[in-house]
Every structure is written in C-alpha cells, then in structure tokens.
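Colleague: I need the structure of the sequence given here:
(one chain, ligands or ions: 1)
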Amino acid sequence: MIKENVQRILKELPEGVELVAAAKTRSPGEILEAIDGGIKIIGENYLQETLSVFKVIERRVKYHFIGHLQKNKVKKAVKIFDMIETVDSLEIAEKIDKRCNQIGKIMPLLIEINSGREKQKFGVFPEMAERLIKDISSFKNIKIMGLMTMGPRLGNPIESRPYFIETRKIFERIKALNLPRVEMRYLSMGMTNSYKIAISEGANMVRIGTKIFGERDDD
Ligand SMILES: *Cc1c(COP(=O)(O)O)cnc(C)c1O
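Modeller: Okay, here's the model as predicted:
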C-alpha cells in the first residue's frame, strides 16, 4: 500500500517538484516501504524519533527537519539532518551555524514563514522575512535555500491558496534581490490536503504524510 501510494504520487507530480515523505510517528518498516516506492527525502518533526529511524535507515534517504527545533537539540540535529526547513529566528540560526562550524558542515536551510500570521504558530511573519534572511545570510556554516510554510489549518484546502500566494511573493522578491550567499531554490508548501493547490501556486517541494502512510493515530 505505502509503496503504491508513493508511486502514484510520484507519477502525478510535475517535473521538478520534490516529494518529502512526512514521516512523524511512522516506523522504520513503513518508511522502508516508502523508500521502496521511490522516496528520496523524509521529513521528520522530532529528533528522538529521527534517531531511532536513522539506526535502521541510515543514509539511504535525505533527512529534512520539518518540526520546531529546540535550541538544546541543535547539536544532535545538525549531525543527522541534510536540511532544516523551519528556521524562524536569528537565535536558532546562530546556534545551527555554531554547531555546524564545529563539525565542518554547511547546513542548507529554509526560512519558515508564518503566512497566516497566527500568534501561537511558529515561523517568521511575512513582513519580517527579508530582514531575517539578510541577518542570517552572514553566517558561514549555513546556506539559505528557500522558504517553507504550513499555512493555517483550514476546513477547506482551497482556502490555503492566499497563504501560498503570499509566500510565493516573498520567495520571488527575495530571489530577485540576489543576496550574497542566498540561493532561493526551494519553496516547500503543501501537505496531503493542499499540495495540488500549493504546486499550482509555485511550490517545488511538497511534504506529504497521510496520503503516503495513511491516517495517523495522533490526529
Ligand atoms: C505532518 C506534517 C506534514 C504532512 O501532513 P499530512 O497532512 O499528513 O500530509 C507536512 N508538514 C509538516 C510540517 C508536518 O508536520
């Protein structure tokens, strides 16, 4: 099932759109099935879970961090992850830079945009994104490679469209600035319910969990 789900999604994705399998709560066995179907990147929300997945899967896939990164987890996280998609403050970027410097790594990262401007949610507000990116871009051991957004959790995925459009606009604007050490390549938006809309609004990286692995017990 999981393997076929992945194959079906991969077949319908337009050229140039990367599929991240959002793997929170999934076992290494389930993830292996997804890899069998053609998954090259998994997205993980929790470091602890990733460590147990890593024991089995090792470097067979790329690991993207898509959860909220706590400062005290950065040291371990930078060793395992190939990209951190959820950077939203100078402080966390500084920590990532410092830890990457210690292990001689340059970490690709995406800036998370709080496109719904929701107080309780993570991500930088749209109007603060440019300032943050300029500040972060001076760090030598990280590389900004684009933006990520979740958008508000809505009843009808069609309602996500304005949030994707807004994030796309920020993406294009920052790309046009040609900032040194910033390479705006990835726009990560869209999940099971909303990825088709996200792609139509310019996403070239989608994070899909439920449609690959089935419903999660936790929600
Ligand atoms: C869980 C998760 C997803 C995938 O959600 P589904 O609705 O299961 O496809 C995408 N992005 C993030 C950040 C997630 O935590």
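Colleague: C-alpha only now, for contacts and for neighbours.
Modeller: Noted.
Colleague: residues from this protein in reach of the ligand?
Modeller: 22, 66-67, 191-192, 207-210 (CA under 6 Å from any ligand atom).
Colleague: now do 5 Å
Modeller: For the chain, the residues in contact with the ligand (CA under 5 Å from any ligand atom) are 66, 191-192, 207-210.
Colleague: which residues are in contact with the helix of greatest length in the chain?
Modeller: Secondary structure of the chain read by DSSP state H shows that its longest helix is helix 161-177. Under the contact criterion CA atoms under 8 Å, 6 or more residues apart in numbering, helix 161-177 has outside partners 113, 115-116, 126, 129-130, 146-147, 149, 151, 183-184, 187, 189, 197-198, 201-203.
Colleague: at 10 Å what do you get?
Modeller: Applying CA atoms under 10 Å, 6 or more residues apart in numbering, the external contacts of helix 161-177 come out as 112-117, 126-127, 129-130, 133-134, 145-152, 182-190, 194, 197-203.
Colleague: coming back round to it: which of the residues of the chain next to the ligand count as buried?
Modeller: Among the residues of the chain next to the ligand, the ones that count as buried by 16 or more other CA atoms under 10 Å are 66, 191, 207-210.
Colleague: re the thing from before, list the helices and strands the next helix or strand after the longest helix of the chain packs on?
Modeller: Beyond helix 161-177 in the direction of the C-terminus, DSSP states H and E gives the next helix or strand as strand 182-189. Packing contacts for strand 182-189, counted by 3 or more CA pairs under 10 Å, 6 or more residues apart in numbering; DSSP states H and E, involve strand 18-22, strand 83-87, strand 107-113, helix 129-136, strand 142-149, helix 161-177, helix 195-200, strand 205-208.
Colleague: For the third one, buried residues please.
Modeller: Burial within strand 107-113, assessed by neighbour count using 16+ other CA under 10 Å, is assigned to 107-113.
Colleague: What helices and strands are in contact with that strand?
Modeller: Against strand 107-113 (3+ CA pairs under 10 Å, 6+ apart) you get strand 62-65, strand 83-87, helix 90-103, helix 129-136, strand 142-149, helix 161-177, strand 182-189.
Colleague: Name the SS class of residue 158, please.
Modeller: helix (DSSP: H, G, I helix; E, B strand; the rest coil).
Colleague: how close does residue 72 sit to residue 39?
Modeller: Separation of residue 72 from residue 39 (CA to CA, to the nearest Å): 30 Å.
Colleague: between those two, which one's more packed in?
Modeller: Neighbour tally, residue 72 and residue 39, criterion other CA atoms under 10 Å: the higher count belongs to residue 39, 22 against 10.
Colleague: Just list the residues touching that one, thanks.
Modeller: With CA under 10 Å, 6+ apart, residue 39 has these contacts: 3, 6-7, 10, 18-21, 31-33, 60-62.
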